[in-house]
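**Q** Build me a model:
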Amino acid sequence: MTLSERLQAARPTDIGVAGPTPVDMARAFRSVRADPLTFLGRVQQEYGDLVAFPVPGPPALLVNDPADVRHVLQTSARSWGKQTVQYAALGRVTGPGLLASAEPTWIENRRLAAPAFHHQRLEAVSDQVRAAADAAIGARLGGPATGAVDVAALTHRIGLDAVGRALFSTDLSGHAQRLLDATSEAADIVVRLGRSVLPTAAWAPTRTNLRLRTTRRRLDAISADLIAQRRDRGRSEHGTYGDDLLGLLLESGLTDAEIRDELVTMVIAGHETVAAAMAWTLMLLAEDQPAQERVRRELAAHPGPVSLLGHRDTLPFTRAVVDEALRLYPPAWVVSRRSLGEDVVGGRAVPAGTLAIVSPWLVHRRADAWPDPLAFRPERFLGLSGPPPAYLPFGQGPRLCIGREFALGEMVIVLARLLTAYRLDVPAGWTRPEPEARVAVHPRGGMPLVVTALDQARM
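**A** Numbers count the residues shown, from 1 in each chain. Next comes the predicted model:
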């Protein structure tokens, strides 16, 4: 049976919501896989804020209205779980770690990990994040730099090193290339599995499954090395393995396999998303020289080193730049939830098992919430007392990303370490890289920018 015939044979639950037909989906199959962001934007424009996709059984709905998004992710969050293809695909790489786990496991996982992200802990590791940024910048940009540099590769290196130093109290340089290669491979596999029209059994000897097994073995080996090194180091004078994430996990009584799942989750989530967001942020500042200079002046006036916390008060415009970049290029371009019981979404009664698909990429581009939504305007975020309702780069509700403050702080620190020493410009004949929707939204083909040392730029 062809894909078109399978889609034609699907008998979705009809709740009276418009959307593409099975034939439409079959015709768009290749474009959906190649560029899901454009596809989602097109169906939203055509069908509105609630779109039904033709899938067998309970409805699959693209949910765009901010009030409906808040209902699914926040006010009724306990009625919507993560039993979706997206998180099942992620879980095949990470195991049942914090990011992919469903109720009730995630509550216990979050409780174990929370102390590693406490404000006091984040403040204490600011030095390590600054060191990670300096090491990567120095290695890549040491001396006057006057050519095109792929800043996406630079931010990936910073992100990985920052995760290693901050969450594991370990300089991961000895494992860096192995981790970069393995996590990049893992990200590709997650995307491929998450976009499968028909689920593939884990035991089937497909090319994707074989790649997955190889990648998991590599991640297993790296994680085992980190765990063994910490165990060999032994307990500190305080009788613990340390107050970082790895130490807390070792103290929790989890098995090494369970610790491995959390480590892999944090490495993938902690560097993949931040690295992508940072690359887009640098691009936006390279395109907007007045904004870049304003950030530089604000940083020059800042007393002392920049820390992971407190940026909205001490560096308001720099933090606004980060917020606006996350609005335009949210790393988590789609999140999904499955209803655990009957509910009402967009005024429509939906049955148990309904799939809700939320795209921050679309919500952040609503003209009714963001005037001139495609323009880079950091000033939108100045003077706000809280996050706007149509803004969810880290999710909403109880599943709000546990690493949110760390990620925001890391981005501000990277800007501080880079922009106080270098100027960013776009190359001649500049065209923005196309966004590529993987685990995060990456610039397709990298992000080549001209990076020039400030002392040379002033000559």
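
**Q** switch to C-alpha atoms for all contacts and neighbour counts from now on
**A** Will do.

**Q** which residues of the stretch 301-450 of the chain fall in helices?
**A** Ranges of helices within the stretch 301-450 of the chain are 311-314, 316-328, 360-363, 404-419, based on DSSP state H, counting those that start in this stretch.

**Q** so can I have TSV of these showing mean neighbour count, mean pLDDT and distance to Arg207?
**A** Formatted as TSV, the entries for the helices of the stretch 301-450 of the chain read as follows, by neighbours: other Cα atoms under 10 Å; pLDDT from 0 to 100; distance: least, Cα to Cα, whole Å:
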stretch	mean neighbour count	mean pLDDT	distance to Arg207
helix 311-314	15	89	46
helix 316-328	24	97	34
helix 360-363	24	97	31
helix 404-419	22	93	34
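
**Q** Can I get those helices in JSON lines including distance to Pro351?
**A** Listed next are the helices of the stretch 301-450 of the chain as JSON lines, based on distance: least, Cα to Cα, whole Å:
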{"stretch": "helix 311-314", "distance to Pro351": "42"}
{"stretch": "helix 316-328", "distance to Pro351": "32"}
{"stretch": "helix 360-363", "distance to Pro351": "24"}
{"stretch": "helix 404-419", "distance to Pro351": "32"}
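
**Q** Identify whichever of these lies nearest to Val72.
**A** With Cα to Cα as the measure, helix 360-363 is the member of the helices of the stretch 301-450 of the chain nearest Val72 (13.4 Å).

**Q** thinking again about what came up before, let me know which of the helices of the stretch 301-450 of the chain is the nearest to Arg130.
**A** helix 404-419 (6.5 Å).

**Q** returning to that earlier point: let me know which of the helices of the stretch 301-450 of the chain is the nearest to Phe376.
**A** Of all the helices of the stretch 301-450 of the chain, it is helix 316-328 that lies closest to Phe376, at 6.8 Å by Cα to Cα.

**Q** Tell me which of the helices of the stretch 301-450 of the chain approaches Leu122 most closely.
**A** Judging these by Cα to Cα, what sits closest to Leu122 is helix 404-419, at 6.9 Å.

**Q** For the closest one, which helices and strands make contact with it?
**A** Applying 3 or more Cα pairs under 8 Å, 6 or more residues apart in numbering; DSSP states H and E, we find helix 404-419 packed against helix 126-141, helix 256-287, helix 289-300, helix 316-328.

**Q** at 10 Å what do you get?
**A** helix 119-124, helix 126-141, helix 151-168, helix 256-287, helix 289-300, helix 311-314, helix 316-328, strand 448-453 (3 or more Cα pairs under 10 Å, 6 or more residues apart in numbering; DSSP states H and E).

**Q** quick one: the fourth one to helix 151-168, angle?
**A** Regarding helix 256-287 and helix 151-168, their directions subtend 140 degrees when assessed with axes from the mean of the first three to the mean of the last three Cα atoms, to 10 degrees.

**Q** Could you do the last one as well?
**A** Between strand 448-453 and helix 151-168, the angle formed by their directions is 70 degrees, by the same axes, to 10 degrees.

**Q** List the contacts of stretch 164-173.
**A** 113, 116-117, 121-122, 124-129, 131-132, 157-158, 160-163, 175-176, 178-179, 226-227, 229-230, 242-248, 263, 266-267, 270-271, 406 (Cα atoms under 10 Å, 6 or more residues apart in numbering).

**Q** Looking at the helices of the stretch 301-450 of the chain, which is nearest to Pro59?
**A** Closest to Pro59 of the helices of the stretch 301-450 of the chain is helix 360-363 (Cα to Cα; 20.1 Å).

**Q** Give me the contact list for the closest one.
**A** Here helix 360-363 has contacts from 37-38, 40-41, 44, 49, 63-66, 69, 326-335, 369-370, 389-395, 441, using Cα under 10 Å, 6+ apart.

**Q** 8 Å - rerun?
**A** With contact meaning Cα atoms under 8 Å, 6 or more residues apart in numbering, helix 360-363 is reached by 37, 40-41, 64-66, 327-330, 332-335, 390-393.

**Q** contacts for stretch 64-77?
**A** With Cα under 8 Å, 6+ apart, stretch 64-77 has contacts from 44, 48-50, 63, 79-80, 337, 345-346, 356, 358-359, 362-363, 389-390, 395-399.

**Q** So which of the residues you listed are in strands?
**A** 50, 63, 80, 337, 345, 356, 358 (DSSP state E).

**Q** Export the residues you listed as TSV, with columns for pLDDT and distance to Val451.
**A** Below are the ones in strands among the contacts of stretch 64-77 laid out as TSV (pLDDT from 0 to 100; distance: Cα to Cα, whole Å):
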residue	pLDDT	distance to Val451
Leu50	96	44
Val63	97	40
Trp80	92	45
Arg337	92	41
Val345	95	48
Ala356	95	42
Val358	96	36
